[in-house]
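Participant: Give me the fold of what follows.
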Amino acid sequence: MPRSTPLFLAAALALAASAAQAADPARSAIFLHPDGMGANTWSALRLSEVGPDGRLGWDALPNAAVYVGPMLDSVNASSNGGATTHAYGIRAALASYGSLDGGSVPTAASGQRMSLMREAQAAGKKVALLNSSSLTEPGTGAFLASVAQRDDEAAIAAQILQARPDIALGGGEGFFLPKGRTGRHGPGLREDGRDLVREARKAGYAVVFTRDELARLPRDARKVLGLFAHEETFNEGDEATLAREGRPVFQPQAPRFDEMLDFILDRIGDAPGGYLVVGNEEATDNLSGENNAPAVLEAAAGADRAIRRALQEAQRNPALTVVVASDSDNGGMNATSDDLDDPADLPRPLPARTAVGSPLDSRDGEPFLAAPDARGVRVPFYITWASDSDSAGGTVARGIGPGARLIQGTIDSTAIYRALYLGLFDRTLP
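Facilitator: Sure, this is the predicted structure:
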């Protein structure tokens, strides 16, 4: 500043600069993981929801990259191995769950021996988890828990509570209660006698068990634990099984994925220090494993509504980074209209398998109908499946915001962590 500048003017300029800096929103990030959704699943959802000429919320994310996600010992990721990579920015093994060597916390790509979420906590940011499965499911759990075995869900639940996230919403009540005690959704499963629901209340959490209870929480309830089902908030099974048992895809007492995200952003979206939200839609993965196309499309639609909500937040807050990625393609779901114009090639009702033997999925023997195209025509299609498990390839990462500039071209799965880290801390990792 020139020497001739009066002291009062210098002080005023400094005050103005300080005020402008204070007015800038803190850096925040949302990571949404619609598990098992490859590009082909998004294509089927586009047809179903908005038609071939429409565009999803997912389509509106401006940055996109082919996602390559092998494990140390596998060409495709497991849910727990993939989540470990996302949480720490390091290549993990298929059996990893927030650890590499039998349960200890690994060193992350940042050089810190803590996950991205714990590092965000340490920096004073609010943190929140949401999961359509149990909170112990690795898509969210690996950000706060490190165990040797994925099925040690009692230990995972205890570590999640010990980490004190600001908000944690999902299923898994059974893993928070001891055997011999019946909760709102079923019996406790813990062998150690601990009642984590009671411990959560003592720690200052409002604990809720249904969508209605969540909606009725007062505005000053900032520490919230939602346990909306005994395990998953959805019902697993193929179409015939769910119909025979009279079970809906999603359990009615539980909020959907997008509703949980909406609640979280309403509570912490204006956190002065910023925030990190990690969400996992598990139904898209598990129901793809059942080759249940109608259920997958229903779950995927909820995931896309959550993306639209995150996009709204990104438009409001330029300091927010949003990243959307799965770690694998479950089932190899593909939409096609082949042979539907010739009934002789595909008789009605549609068969259960194609001529080469792959599963063929329809709506009770009739084709699905795409939402109207630009001409107002609803084009028929059906779904074919390649498998009932996770596969490598066909996976796409997308994003918006400061950290999403790393999402371009072809990226390794470790780049998800780096994009989120850049978004949160304005630091580019090597």
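
Participant: Next, name the residue at the spatial heart of the chain.
Facilitator: residue 280 (2.5 Å; CA atoms, centre = their mean).

Participant: Without its sequence neighbours, what residue ends up closest to residue 412?
Facilitator: Closest residue to residue 412 apart from its sequence neighbours, by CB to CB, 6 or more residues apart in numbering: residue 68 at 5.6 Å. In this view, the C-beta of every residue, glycine as well, is placed from N, C-alpha and C.

Participant: coming back round to it: list the contacts of the residue nearest to the centre of the chain.
Facilitator: Residue 280 sits next to 33, 35, 83, 130-133, 137, 139-140 when contact means CB atoms under 8 Å, 6 or more residues apart in numbering.

Participant: Also residue 241?
Facilitator: When contacts are counted by CB under 8 Å, 6+ apart, residue 241 touches residue 290.

Participant: and it, which of the three is it?
Facilitator: Following DSSP: H, G, I helix; E, B strand; the rest coil, residue 241 is assigned to helix.

Participant: Next one: it from residue 170, what distance?
Facilitator: From residue 241 over to residue 170 the distance is 23 Å, taken as CB to CB, to the nearest Å.

Participant: Residue 234 too?
Facilitator: For residue 234, the distance to residue 170 - CB to CB - is 11 Å.

Participant: Give the intersection of the neighbour lists for those two.
Facilitator: Taking CB under 8 Å, 6+ apart as the criterion, residue 234 and residue 170 both touch 132-133.

Participant: quick one: which of these two has more around it?
Facilitator: Between residue 234 and residue 170, residue 170 has the larger neighbour count (other CB atoms under 10 Å), namely 33 against 28.

Participant: Can you pull out the low-pLDDT segments for the stretch 201-350 of the chain?
Facilitator: Residues of the stretch 201-350 of the chain that meet the criterion pLDDT under 70 lie in 343-344.

Participant: For this structure, give the helix that spans the most residues.
Facilitator: helix 293-316 (DSSP state H).

Participant: For residue 329, give me its contacts.
Facilitator: The contact partners of residue 329, taken as CB under 8 Å, 6+ apart, are 36-41, 390-395.

Participant: how near is it to residue 153?
Facilitator: Distance of residue 329 to residue 153, given as CB to CB: 26 Å.

Participant: hmm, back to that, residues in contact with the residue nearest to residue 412?
Facilitator: 395, 410-413.

Participant: Surely residue 46 touches residue 60?
Facilitator: No - using CB atoms under 8 Å, residue 46 makes no contact with residue 60, being 11.9 Å away.

Participant: Compare the two and say which is more crowded by neighbours.
Facilitator: With neighbours defined as other CB under 10 Å, residue 46 and residue 60 compare such that residue 46 has more, 22 against 14.

Participant: wait, is the more buried one part of a strand?
Facilitator: No - counting by three-state DSSP, residue 46 falls outside a strand, being helix.

Participant: which residue ranges form the strands in the stretch 251-400 of the chain?
Facilitator: Taking DSSP state E, counting those that start in this stretch to define them, one finds strands in the stretch 251-400 of the chain at 275-281, 320-324, 329-330, 334-336, 360-361, 368-369, 380-384, 390-391, 396-400.

Participant: ditto for the stretch 51-200 of the chain
Facilitator: Under DSSP E, counting those that start in this stretch, the stretch 51-200 of the chain gives strands at 63-68, 126-134, 167-171.

Participant: So for residue 300, which of these sits nearest?
Facilitator: For the strands of the stretch 51-200 of the chain, proximity to residue 300 was assessed by CB to CB; strand 126-134 is nearest, at 11.5 Å.

Participant: Contacts only, for the closest residue to residue 353 other than its chain neighbours.
Facilitator: Excluding its sequence neighbours, the residue lying closest to residue 353 (CB to CB, 6+ apart) is residue 360, at 5.6 Å. Applying CB under 8 Å, 6+ apart to residue 360 gives the contacts 350-354, 382-385.

Participant: just residue 407 next, same as before
Facilitator: Residue 407 is in contact with 63-65, 323, 397-399, 415, 419, counting by CB under 8 Å, 6+ apart.

Participant: Do you have the helices of the stretch 51-200 of the chain handy? List them.
Facilitator: All helices of the stretch 51-200 of the chain, identified by DSSP state H, counting those that start in this stretch, fall at 79-88, 116-122, 138-141, 153-163, 196-202.

Participant: how about these, which one is nearest residue 287?
Facilitator: helix 79-88 (13.9 Å).

Participant: any idea of the mean pLDDT for the closest one?
Facilitator: If you average the pLDDT over helix 79-88, you get 97.

Participant: quick one, phi/psi of residue 250?
Facilitator: Taking degrees, to the nearest 10, you get phi -110, psi 140 for the backbone angles of residue 250.

Participant: how near is it to residue 259?
Facilitator: Counting by CB to CB, the gap from residue 250 to residue 259 is 11 Å.

Participant: same deal with residue 137?
Facilitator: In terms of CB to CB, residue 137 sits 18 Å off from residue 259.

Participant: ok, now residue 202?
Facilitator: From residue 202 across to residue 259, the span is 27 Å (CB to CB).

Participant: So which of the two has more stuff around it?
Facilitator: residue 259 (19 against 9).

Participant: That concludes my questions; thank you for your assistance.
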